[in-house]
Structures are given as C-alpha cells and as structure tokens.
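Undergrad: What follows is a predicted protein model with its sequence.
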Amino acid sequence: MRHERIAHMKPGILSSYEPQDLPKEALSATESLIDLIDTARGQPMSYTYKVGSMEALIDLKASLAAGKMIAA
C-alpha cells in the first residue's frame with residue numbers, strides 16, 4: 001500500500017492530500033535560513049531538490065523569489 005498509494009503512486013491513483021501553500025512565515029524563515037547559510041559559508045550556495053526520480057530539479061532560491069516552483 002505504501003509503495004502504490006503514498007510513495008510512488010501507480011498511474012491512475014490519486015492522492016487524497018490536496019496541495020497547500022506554505023504560510024508566509026515559513027517562506028520568510030526559509031529565506032532567512034538560506035541567507036544565514038550563504039553568509040556563514042562566505043559564498044552563495046546552490047539550493048536544489050528533486051521531488052521524485054522522474055521530476056525536474058527545483059531551484060529553491062529562485063522559487064522563493066518568484067513565489068512559484070522554478071526548475072533549475
């Protein structure tokens with residue numbers, strides 16, 4: 001069940017979880033954390049993630065600035 005309905009979801013199986021926007025406080029805290037890490041390291045870092053093995057990389061910094069997901 002985990003494999004077919006939650007983690008990988010077979011084609012045709014819909015998630016029961018509706019996507020929700022993150023609160024502005026969470027986005028602001030994330031931006032502050034990124035700034036702190038960049039400052040501590042002395043250079044801007046790359047912040048990318050991949051939702052699934054078949055998905056495109058997402059650029060976290062660009063996504064935060066734009067207010068929507070931006071592919072890397």
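TA: Great, that's in hand. Numbering: from 1, shown residues only.
Undergrad: residue boundaries of the strands in the chain?
TA: 48-50, 57-59 (DSSP state E).
Undergrad: How far off centre is the last one?
TA: The chain centre lies 8 Å from the centre of strand 57-59; the measure is CA atoms, centre = their mean, to the nearest Å.
Undergrad: All the helices of the chain, residue numbers only.
TA: Per DSSP state H, the chain carries helices over the ranges 24-41, 60-66.
Undergrad: Let's have these in CSV, adding mean pLDDT, distance to T48 and mean neighbour count.
TA: Using the backbone N, CA and C atoms, a C-beta is placed for each residue, glycine as well. Below are these laid out as CSV (pLDDT from 0 to 100; distance: least, CB to CB, whole Å; neighbours: other CB atoms under 10 Å):
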stretch, mean pLDDT, distance to T48, mean neighbour count
helix 24-41, 92, 12, 11
helix 60-66, 89, 7, 16
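Undergrad: Turn those helices into JSON lines, columns for distance to M54.
TA: Formatted as JSON lines, the helices of the chain follow (distance: least, CB to CB, whole Å):
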{"stretch": "helix 24-41", "distance to M54": "25"}
{"stretch": "helix 60-66", "distance to M54": "19"}
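Undergrad: closest to Y47 out of those helices?
TA: helix 60-66 (3.8 Å; CB to CB).
Undergrad: who touches the closest one?
TA: The contact list for helix 60-66, computed with CB atoms under 8 Å, 6 or more residues apart in numbering, reads L27, T30, E31, I34, Y47, T48, Y49, M69, I70, A72.
Undergrad: rerun at 7 Å
TA: By CB atoms under 7 Å, 6 or more residues apart in numbering, the surrounding residues in contact with helix 60-66 are L27, T30, E31, I34, Y47, T48, Y49, M69, I70.
Undergrad: Quick one: those residues as a markdown table, columns for distance to A62 too.
TA: Shown next, in a markdown table, are the contacts of helix 60-66 (distance: CB to CB, whole Å):
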| residue | distance to A62 |
| --- | --- |
| L27 | 13 |
| T30 | 13 |
| E31 | 12 |
| I34 | 11 |
| Y47 | 9 |
| T48 | 9 |
| Y49 | 12 |
| M69 | 9 |
| I70 | 4 |
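Undergrad: These: which two are farthest apart?
TA: Comparing all pairs in those by CB to CB, the longest separation belongs to L27 and T48, at 17.2 Å.
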